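Chemist: Sequence below, structure please.
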Amino acid sequence: MKIGIVSDTHGLFRPEIAPALAGVERILHLGDVGKPAVLKELGKIAPVTAVRGNVDREGSCAELPETDVVLIADRYVYMLHDLHTLHLDPAAGKFAAVLSGHTHVPNFYTRKGVLYFNPGSCGPRRFRLPVTVGLLTVGEDGKFNAKIIELNCG
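Modeler: Residues are numbered from 1 along each chain as shown. Down below sits the predicted model:
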């Protein structure tokens, strides 16, 4: 199973996103969508679940939930935009992963058996940060594997 993870599009759907996410079964958008058209374009690749970010203040993006929980391969994944607003203990809640964006800095690590994954940003370039998306794959052992893909955006 392969899941596409994106964040901080800020209204920009780059053409490099579709080939990077080819073959995913689902896409999770971690907020700062910017424009509903982004979700529509992502939906052409795979079904999308999205949460609201701090720039999603108008229109249908403002109606997205602040957080969401999705079930992937019989394991719960917690989605939110800003990790600093996390008000629960994911390990105690039996979450396998916490997915967040906001910082535009791609990274992942495991703490207390929980994968924390920030795919970075695939929207407008910020400072000298790379333009990235993430992939979450599920191994035969049921474990989540995170991968960051840098988009070649010139």
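Chemist: all contacts plus neighbour counts: C-alpha atoms, from now on.
Modeler: OK.
Chemist: Can you give me the neighbour number for Leu30?
Modeler: Leu30 has 31 neighbours, counted by other Cα atoms under 10 Å.
Chemist: what do you get for Gly113?
Modeler: If we define neighbours as other Cα under 10 Å, then Gly113 has 13 of them.
Chemist: pretty sure it is touching Ala91, no?
Modeler: Yes - using Cα atoms under 8 Å, Gly113 is in contact with Ala91, at 6.9 Å.
Chemist: what pLDDT does Gly154 get?
Modeler: At Gly154, the model reports a pLDDT of 63.
Chemist: State the distance from Ile148 to Asp68.
Modeler: 22 Å (Cα to Cα, to the nearest Å).
Chemist: go on, His84?
Modeler: From His84 to Asp68 the distance is 16 Å (Cα to Cα).
Chemist: which one of those two has more residues nearby?
Modeler: Asp68 (16 against 9).
Chemist: my guess is the more buried one meets Tyr78, correct?
Modeler: Yes - using Cα under 8 Å, Asp68 is in contact with Tyr78, at 6.0 Å.
Chemist: which stretches of the protein form strands?
Modeler: 2-6, 26-29, 48-50, 67-72, 75-80, 97-99, 107-111, 114-118, 132-138, 144-150 (DSSP state E).
Chemist: mind putting the ones you listed in JSON lines, mean pLDDT and distance to Pro19 included?
Modeler: Below are the strands of the chain laid out as JSON lines (pLDDT from 0 to 100; distance: least, Cα to Cα, whole Å):
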{"stretch": "strand 2-6", "mean pLDDT": "98", "distance to Pro19": "11"}
{"stretch": "strand 26-29", "mean pLDDT": "98", "distance to Pro19": "13"}
{"stretch": "strand 48-50", "mean pLDDT": "98", "distance to Pro19": "16"}
{"stretch": "strand 67-72", "mean pLDDT": "97", "distance to Pro19": "22"}
{"stretch": "strand 75-80", "mean pLDDT": "97", "distance to Pro19": "24"}
{"stretch": "strand 97-99", "mean pLDDT": "98", "distance to Pro19": "22"}
{"stretch": "strand 107-111", "mean pLDDT": "97", "distance to Pro19": "21"}
{"stretch": "strand 114-118", "mean pLDDT": "98", "distance to Pro19": "20"}
{"stretch": "strand 132-138", "mean pLDDT": "97", "distance to Pro19": "11"}
{"stretch": "strand 144-150", "mean pLDDT": "97", "distance to Pro19": "11"}
